[in-house]
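K.L.:
Have a look at this prediction, sequence included:
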Amino acid sequence: MTYSKLNTLQQQFSNCSDITFTESDNGMIIIHIKNKQASASICLQGAHILTFQPNNQEPVIWLSEEAKLAPGKSIRGGVPICWPWFGAHSSDSSLPTHGYARTTDWQLIQVQSLTDGRTQLEFEFSYSPTLPLPLSARYIVTIGTELDLKLISTNVSDTTIQLSNALHTYFQVGDVRDIRIHGLDGCEYIDTLVQNTRHTQDAAVIIDQEVDRIYLNTPRVIEIRDPGLNRRLCIHSRNSHSAIVWNPWIAKSERMGDLGKDGYLNMLCIETANAADDTVTLAPKAQHQLSAIYSIASL
Ligand code: BG6
């Protein structure tokens, strides 16, 4: 008897009662996680977190009502992993924007119910010689009242390589026009909407038009203050020195077509990244760990 991928996963992880698997008609495998602290779902393609919601709270992560889950296509919302480069490839425009990890199946290699009630999943992206860069990755996702993410990249070659990356997280907000982003005051940023000109942030960031900026030398804590949802959403990062702040606003949302009606009002991307000036140099066999923890607190 031959087993489908779904059956194989169900058998392999049958000892962990926190997770279940489903498969859509077009073959997309989704992992559903439910424990005493939170619920979440993750698509195997891209190890893409689709949803995350601590119990008795509003969702932390935004997923477009128009998001399409299809083989080889990027998903609008959740936590896309931009890897092993952020944005356009530096020299080859035929390569996909934000790298190839988000549209490729990762392997789920381990699931654990931790003694404190959280659930930890580990994914692997193996290097194959057909890929443009000699890198492999592991992604450790821990689901509890906080969402804890660790992306570990390994240079599998004998030469030094450059890596850029981002956890391209779409956060759910009450109304993006009312939120304030704290922590970036005084940081230099590249405004990609104004010929990549450089500016210095003065005061909290507000969103009242399309925004697409790469903040540099960012601090380890950035906070979204959201009066609509009456909460602070804190991003604690490690080994990230840049943050992309992105909201497509009205015209770009219409061009993109998968943001949903007025979707731009309820989402905001703050991406924990190494991008632009902040590329990582990875020596032969060296590793780099990018981490982010998302937590909420009342205003
Ligand atoms: C952001 C970029 O990181 O991702 C934006 O700064 C881009 O310029 C956005 O539009 C979404 O990218 P994509 O490839 O998912 O449509």
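P.N.:
Received the coordinates, thanks.

K.L.:
Walk me through which strands the strand ranked longest in the chain pairs with, and which way each runs.
P.N.:
Scanning the chain for the strand with the most residues, using DSSP state E, yields strand 287-298. Strand pairing for strand 287-298, using DSSP bridges, gives strand 147-155 (antiparallel), strand 231-238 (antiparallel).

K.L.:
so of the ones you listed, which one's packed in deepest?
P.N.:
For the strands paired with strand 287-298, the largest average neighbour count (mean count of other C-beta atoms under 10 Å) is found in strand 147-155, namely a mean of 21. The way it works is simple: take the backbone N, C-alpha and C, and place the C-beta from them, glycine included.

K.L.:
Sort out which residues of stretch 255-274 are buried, please.
P.N.:
258-260, 263-274 (16 or more other C-beta atoms under 10 Å).

K.L.:
Over to stretch 217-230?
P.N.:
So for stretch 217-230, counting by 16+ other C-beta under 10 Å, buried means 218, 219, 222, 223, 224, 225, 226, 228, 229.

K.L.:
Quote the end-to-end distance of stretch 232-252.
P.N.:
The straight-line separation of the ends of stretch 232-252 (C-alpha to C-alpha, to the nearest Å) is 27 Å.

K.L.:
Use 49 as the first number for this chain going forward.
P.N.:
In the new numbering, first residue 49, that becomes stretch 280-300.

K.L.:
Also within reach of the ligand: list those from the buried residues of stretch 303-322.
P.N.:
Among the buried residues of stretch 303-322, the ones lying near the ligand by C-beta under 6 Å from any ligand atom are residue 319.

K.L.:
re earlier: TSV please, covering the strands paired with strand 335-346 and showing distance to the ligand and mean pLDDT.
P.N.:
What follows is the strands paired with strand 335-346, written out as TSV (distance: least, C-beta to the nearest ligand atom, whole Å; pLDDT from 0 to 100):
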stretch	distance to the ligand	mean pLDDT
strand 195-203	16	98
strand 279-286	15	98
